[in-house]
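>>> got a predicted model here, sequence first, then my questions.
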Amino acid sequence: MTRRRATMNLVTNIQKYSIHDGDGIRTTVFFKGCPLKCEWCHNPETQRFERELQCDKEKCVGCGTCAKVCPNDAITMVDGKPELDKEKCQLCGKCDNFCPQGIREIVGQEYPVKELVKELMKDLMFYEQSGGGVTLSGGEVMAMSTDYILEIAKALKKEEVSLTIDTCGYVPYEKFEAILPYVDTFLYDVKVMDPELHKQYIGVDNKLILDNLVKLSDAGARIYIRIPTVKEVNGNEENMKETIRFLKEHGIHPVQVNLLPYHNTGSSKYPKLDMEYKGNDLNAPTKEEMEGFVKLFQEAGFSNTKIGG
């Protein structure tokens, strides 16, 4: 029996009262699927484009209920613990529904546009009072169907709700061009300037990302530059100076530059998805180093640079 085919436009979480994903109080929608493979990714459940089952095996008591209720014999008990055959699993959700410990979950939910917008509009009062709005994030929201994201953007525009797009930039520029009239702000990741290092730690080189950043800036987009700062990757003066040179050379004037220190708080999610966390040897720069990077940007004319989102 073959597994269900991957479905696009899946949502993993709708996070309300977010204050780190753009201006004011926001509701952030996390979409599932990303073309990058950042070694320090703290949302591994958003990497794959298809629905998947996650299980907190450390909390499993070995009762075997999941194996008994599975209609596809996809779960077998091995040494008192359930083992999943992903080829047989149809993601029907029965093991999730019947698990007495509540440790199994199907990740990824389809939301029709009207249903999603209705949910987002529940927080309109907070948007209006705080100058906030909705942020579409991921994974990589721009890797979703353009028609689907465009329909959401148009609906929010009609309701006069501010829209922010949180993006890694690694998609064809035509996707940005289509949604640009409906977006107030882009939170744009610039991870590391060296293309080989970018490929080593993120899985692809950075040419498309940087090209899209220039095009968005030239088109008049309002941009926050966000730099996840990892000591072993980009947390050094050379990379920061190269980033500054690039921004100045191309006349890019971000509203804000956010230096985001590395953290490994998402590492505990990986075993639940049978994934390996590759960031164990990575570290955040020291407080003094981070403050030094901020000073470099500020002295270069990017006065609104700060540590954190």
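Now that the structure is in, tell me what you want to look at.

>>> which residue packs closest to the spatially most central residue of the chain, ignoring adjacent ones?
Compute the mean C-alpha point of the chain, and by C-alpha atoms, centre = their mean the closest residue is Gly138, 3.1 Å away. Closest residue to Gly138 apart from its sequence neighbours, by C-beta to C-beta, 6 or more residues apart in numbering: Phe31 at 4.7 Å. Quick note: C-beta positions are derived from backbone N, CA and C, even for glycine.

>>> identify each buried residue in whichever helix or strand Phe176 is part of, please.
Following DSSP states H and E, one finds Phe176 within helix 173-179. By 16 or more other C-beta atoms under 10 Å, the buried positions in helix 173-179 come out as Tyr173, Lys175, Phe176, Ile179.

>>> the helix or strand that that helix is followed by pairs with which strands, and in what direction?
Using DSSP H and E, the helix or strand that follows helix 173-179 in sequence is strand 185-189. Strand pairing for strand 185-189, using DSSP bridges, gives strand 162-167 (parallel), strand 223-229 (parallel).

>>> how about residues contacting strand 185-189?
For strand 185-189, the external contacting residues (C-beta atoms under 8 Å, 6 or more residues apart in numbering) are 21-23, 135, 137, 162-169, 209, 213, 216, 221-228, 254-255.

>>> buried subset of those as a PyMOL selection?
Here is the PyMOL command that selects the buried residues among those (16+ other C-beta under 10 Å):
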select buried, resi 21+22+23+135+137+162+163+164+165+166+167+168+169+209+213+216+221+222+223+224+225+226+227+228+254
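
>>> so what's Thr164 up against?
21-23, 26, 133-136, 183-187.

>>> quick one: which of these is nearest to Lys86?
Lys86 lies nearest to Leu136 out of these, by C-beta to C-beta, at 28.9 Å.

>>> mind checking what helix or strand follows the helix or strand harbouring the closest one in sequence?
Using DSSP H and E, the element containing Leu136 is strand 133-137. Using DSSP H and E, the helix or strand that directly follows strand 133-137 along the chain is helix 146-158.

>>> okay, buried residues for that following helix please.
Per 16+ other C-beta under 10 Å, helix 146-158 contains these buried residues: Thr146, Tyr148, Ile149, Leu150, Glu151, Ile152, Ala153, Lys154, Ala155, Leu156.

>>> what's the closest of these to Leu116?
Sorting these by distance to Leu116 puts Ile152 at the head of the list, at 6.5 Å, by C-beta to C-beta.

>>> tell me which of the strands paired with strand 185-189 sits nearest to Ala67.
strand 162-167 (39.2 Å).

>>> name the nearest residue to Pro285, sequence neighbours excluded.
Among residues not flanking Pro285 along the chain, Gly235 sits closest, at 4.0 Å (C-beta to C-beta, 6+ apart).

>>> for the one you found, phi and psi?
phi -80, psi 60 (degrees, to the nearest 10).

>>> where along this protein do the strands fall?
In the chain, the segments counted as strands under DSSP state E are 10-18, 26-31, 52-55, 75-78, 81-84, 104-107, 109-110, 133-137, 162-167, 185-189, 223-229, 256-261, 305-307.

>>> what's near enough to touch the residue nearest to the centre of the chain?
Per C-beta under 8 Å, 6+ apart, neighbours of Gly138: Phe30, Phe31, Lys32, Gly33, Cys34, Asn43, Thr46, Asp166, Thr167, Cys168.

>>> please name the nearest non-neighbouring residue to Cys55.
Arg104 (4.9 Å).
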